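1. need a structure here:
(2 chains)
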Amino acid sequence: DVKVTQSSRYLVKRTGEKVFLECVQDMDHENMFWYRQDPGLGLRLIYFSYDVKMKEKGDIPEGYSVSREKKERFSLILESASTNQTSMYLCASNPRIATGTEAKNIQYFGAGTRLSVL
Amino acid sequence: RKEVEQDPGPFNVPEGATVAFNCTYSNSASQSFFWYRQDCRKEPKLLMSVYSSGNEDGRFTAQLNRASQYISLLIRDSKLSDSATYLCVVNKATDSWGKLQFGAGTQVVVTP
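-> Residues are numbered from 1 along each chain as shown, chains lettered A, B, ... in the order given. Purely as a prediction, here's the structure:
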């Protein structure tokens, strides 16, 4: 079974704090993702990494950065937390897909971190 | 226009009944389609992939209509445990890394 582990289920931080969200996967997947999920908006991609030290901005990268120093670990960093970053954060991973195998492009999610910024 | 659109519901379904709902997607070049299930305050989990010819997994049937750009999910003989939010997921057609686009979800509530 694929296991994606997020370091915290719940976090409460103050405005202006630097926040680290950690994600570890044990299936040797190349791709890792950070999403945030807000009511009525669904999952929105913050950042994506397709290999160690490689990253790509998603749809809403502003206010966030990421780090991927090891294949199994993908960290999301809020440099200076703000109240509008209160959300559910979800990490996901999947293996790199070959062309023609798009039906196998399944992402596996961690349990999520519910972050409140006060 | 959103890339993936779903009726948010809720769909209130008596136990044992059938419920069906659709999802529309905007990019005709999309190739992979999925339904994920998300329980309250939990992570999304894959329910089933959706194949061109339609496919069934127990009480769940998924259909793809490429001409009209929608996928559907039908749940037969609904159980209380089917209460969840169902997310429609489509690949980003212009993306070579396999990124996915998620709908906001359709809530299903099965009542005794």
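2. Say whether chain A is contacted by the helix or strand of chain B with the lowest mean pLDDT.
-> Least confident helix or strand of chain B, by mean pLDDT, DSSP states H and E, is strand B:100-102 with a mean of 92. Yes: using CB under 8 Å from any CB of the partner chain, strand B:100-102 reaches chain A at B:100, B:102. C-beta here means a position set from N, CA and C on the backbone, and glycine is covered the same way.
3. for that strand, the distance to its chain's centre please.
-> 12 Å (CA atoms, centre = their mean, to the nearest Å).
4. Helices of chain B, residue ranges please.
-> Counting by DSSP state H, chain B has no helices at all.
5. Chain A contacts on that one?
-> Counting by CB under 8 Å from any CB, chain B comes close to chain A at B:4, B:8, B:31-32, B:34, B:41-46, B:49, B:51, B:87, B:91, B:97-100, B:102-105.
6. now these: which count as buried?
-> Among the residues of chain B next to chain A, those buried by neighbour count (16 or more other CB atoms under 10 Å in any protein chain shown) are B:4, B:31-32, B:34, B:43-44, B:49, B:87, B:91, B:97-100, B:102-105.
7. that older thread, starting from the least confident helix or strand of chain B, tell me which strands it pairs with and how they run.
-> According to DSSP bridges, strand B:100-102 forms sheet pairs with strand B:84-91 (antiparallel).
8. give me the low-pLDDT residue ranges for the chain?
-> Since no chain was named, I'll use chain A. A:98-104 (pLDDT under 70).
9. The chain in question should be chain B.
-> B:93-94, B:96.
10. Would you mind listing what in chain A touches chain B?
-> A:31, A:33, A:35, A:40-43, A:45, A:48, A:50, A:56, A:58, A:90, A:94, A:96-97, A:102-103, A:105-112, A:114.
11. Which residue ranges of the chain form strands?
-> Answering for chain A, as no chain was given. For chain A, the strands defined by DSSP state E cover A:4-6, A:10-13, A:19-25, A:31-38, A:42-51, A:54-57, A:64-70, A:73-78, A:87-94, A:108-109, A:113-117.
12. if you could check chain B rather than the one you did, that'd help
-> Ranges of strands within chain B are B:4-6, B:11-14, B:19-25, B:33-38, B:44-50, B:55-57, B:60-65, B:70-75, B:84-91, B:100-102, B:106-111, based on DSSP E.
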